[in-house]
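> I'll drop the sequence and a predicted model, then ask my questions.
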Amino acid sequence: MSGRPNIAIAGLACETSTFSPARTLAPAFHPRRGNEVIDKYAFIHPGTPLGEAAIWHGALIGHALPGGIVARESFEELANEIIARLTDITTSTKLDGLWFDIHGAMCVEDMDDVEAELLRRVRHVIGPDVIVSASMDLHGNVSKQLAHQTDLITCYRMAPHEDAMETKERACQNLVDVLTAPNESPVRPLKAWVPIPILLPGEQTSTRMEPAKSLYGLVPDVVSTGGVLDAAIWVGYAWADEPRNHAVVVVTGWETESVTKGAQKLSEYFWEKREEFEFVAPIGSLTECIDAALRSTSRPYFISDSGDNPTAGGAGDVTWSLNRVLNCPEFKDDSGPKVIYASIPGSAAIETILEAGIGAVVTVTVGAEVDNIHEGPVTMTGKVHSIKHGDRDAVVEAVLQVGSVFVIITKLRKPYHHESDFTELNLHPRKADIVMVKIGYLEPELFNMAADWMLALTPGGVDQDLPRLGHRRIHRPMWPYDKHFSELPDLTPHLIPLSNEPL
């Protein structure tokens, strides 16, 4: 190839639970278009190695907060704009590559395997010869169809995802390397794809602990093998009920023996260790977790309200846990153990609080506007502790002190992952007795703050007790839904056809 390759960027990302009654609409994706796409990623800015190695063309990307199923009309709106923008780009530019910037666990009403469908539509515009490199979350799903339509595919190697940007950059570097290799035309790598009948939540597959730590530790060894370009392991997404949902290994490269041996090594290790995957923290009912926190001398003591985790796809407004916290006799008086609860949406409550102001005593009703399956709204009376405007997700946040519980109320749902999320609300989690957050495994800053913690098995759209959710469409047998297999799974790698060949 003479000159710098032209690479377009497009994709939609939303981790969506089919067990949540919530619906995700187009504005939730916060779409970026044209140069806004380039601006988001510093590693392709002008002056950087990748920025100078290729000419980058932003089409449209959208990254939504995890949630409920994406409304069909919203998907079609965004997908049609992606196609229109790519059509405009290809009218004036001969594209050499596409970075497909996705998550991999998006579900859309009345559709299955939507990332593969989106890429099929994209291929119709860009053609079969353009090299496509996809970057994904390790909690995404890689169907055979998606693997077929991509040329290069990789995912995070850490959970929590501290290597998110590193992974996206790697996907782009792999793409540039293939496009600028010293050949007349790019040589498409081989792809060895292995489906594994395991479907576990992220809270049992964190790379902070074994056996996931050692499993993902094998990836660099496989990549270092001659003839291998990349290796990736997908845990899959446990809270959606689609046939594609299960663990997958993909190894890409140029030598058949190297990629197949690498894929088999990773998949066999995953299967062999299936019974060793455990929760990343001690688990218990909410009552057991609160009792343990009250007995403990470790402060702050964190409790994950895991069933309604908004960063796994929960609606974020389940009131089941908050109601029980507020009714704990230990927290009824403002002199009791200091508890921070993050968080619960309540748009009408926010309006009442804004009108009353800091220091006022108000009675408000919050939650269960979307997910009222488990419990209805909660009405509480308390003192307005703080108010904050302008958050990207919440829009407006307020803190209401009810007894010794400081409840964070939001106009729209928001995850709480950073210490600044609290301190900007005049809350100091390091000085609290108990911090309860709607989350699964603790994100790095929370993990570093916690003197001790437990994961509460609470109800919601991302319930950690997977069998009680009632999956009906996943392939069976599937570990851990099925503990006895009549025969061992076939982990022989499938060599996926090249993307311009029929599947």
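Received it, and whenever you're ready, just let me know what you need.

> Where is the longest strand in the chain?
Scanning the chain for the longest strand, with DSSP state E as the assignment, gives strand 378-391.

> What is it packed up against?
For strand 378-391, the elements it packs on are helix 320-326, helix 347-356, strand 361-366, strand 395-402, strand 405-410, judged by 3 or more C-beta pairs under 8 Å, 6 or more residues apart in numbering; DSSP states H and E. Quick note: C-beta positions are derived from backbone N, CA and C, even for glycine.

> Out of these, indicate the one that is most buried.
Compared across the helices and strands packed on strand 378-391, strand 405-410 shows the largest average neighbour count, a mean of 26 (mean count of other C-beta atoms under 10 Å).

> Can you tell me what sits against the helix or strand that comes right after that one?
Next in sequence after strand 405-410, counting helices and strands by DSSP states H and E, comes helix 419-423. Helix 419-423 has contacts (C-beta atoms under 8 Å, 6 or more residues apart in numbering) with 340, 342, 414, 416, 428-430, 445, 449.

> Can you tell me which of the residues you listed is closest to residue 273?
residue 445 (29.1 Å; C-beta to C-beta).

> quick one: that closest one and residue 417 touch, right?
Yes - between residue 445 and residue 417 a contact is recorded at 6.5 Å, counting by C-beta atoms under 8 Å.

> picking up where we left off before, could I get the average pLDDT for the longest strand of the chain?
Across strand 378-391, the average pLDDT comes to 98.

> Would you give the sheet partners of it, along with the direction of each?
Using DSSP bridges, the strands paired with strand 378-391 are strand 361-366 (antiparallel), strand 395-402 (antiparallel).

> Could you check how sure the model is about the shortest one, as an average pLDDT?
Same thing as strand 361-366. 98.

> can I get the CA coordinates of that strand in PDB?
Output of strand 361-366 as PDB, limited to C-alpha atoms (Å, rounded to 0.1, in the frame of the first residue of the first chain):
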ATOM      1  CA  VAL A 361     -36.400  19.100  55.800                       C
ATOM      2  CA  VAL A 362     -38.500  17.600  53.000                       C
ATOM      3  CA  THR A 363     -40.600  14.500  52.300                       C
ATOM      4  CA  VAL A 364     -40.000  12.900  48.900                       C
ATOM      5  CA  THR A 365     -40.800   9.800  47.000                       C
ATOM      6  CA  VAL A 366     -38.100   8.000  45.000                       C
END
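
> Is residue 486 in a helix, a strand, or coil?
Following DSSP: H, G, I helix; E, B strand; the rest coil, residue 486 is assigned to coil.

> Neighbours of it, how many?
Using other C-beta atoms under 10 Å, the number of residues around residue 486 comes to 6.

> what's the spacing between it and residue 477?
8 Å (C-beta to C-beta, to the nearest Å).

> likewise residue 16?
Per C-beta to C-beta, residue 16 is found 25 Å from residue 477.

> Comparing these two, which shows the higher neighbour count?
residue 16 (27 against 14).

> Excluding chain neighbours, give the residue nearest to that one in space.
Sequence neighbours aside, residue 107 is the residue nearest to residue 16 in space, at 4.4 Å (criterion: C-beta to C-beta, 6 or more residues apart in numbering).

> Quick check on that neighbour: phi, psi?
Residue 107 adopts backbone torsions of phi -120, psi 140, taken as degrees, to the nearest 10.

> quick one: contacts for it?
Per C-beta under 8 Å, 6+ apart, neighbours of residue 107: 16, 18, 69-70, 114, 240, 242.

> tell me which of those is nearest to residue 201?
Comparing those against residue 201 with C-beta to C-beta places residue 240 closest, at 11.9 Å.

> which residues sit in contact with that closest one?
16-19, 105, 107, 141, 313.

> now what about the helix or strand harbouring residue 265, what contacts it?
Element membership for residue 265 (DSSP H and E) is helix 256-272. Helix 256-272 is contacted from outside by 189-194, 196, 198, 214-215, 218-219, 222, 225-228, 231, 233, 247, 249-253, 489, 491-493, 495, using C-beta under 8 Å, 6+ apart.

> Among those, which lie within helices?
If you go by DSSP state H, those have 214-215, 219, 222 in helices.

> Now the buried members of the residues you listed.
215, 219, 222 (16 or more other C-beta atoms under 10 Å).

> which one of those is nearest residue 438?
Taking C-beta to C-beta as the measure, residue 438 lies nearest residue 215 of those, at 27.8 Å.
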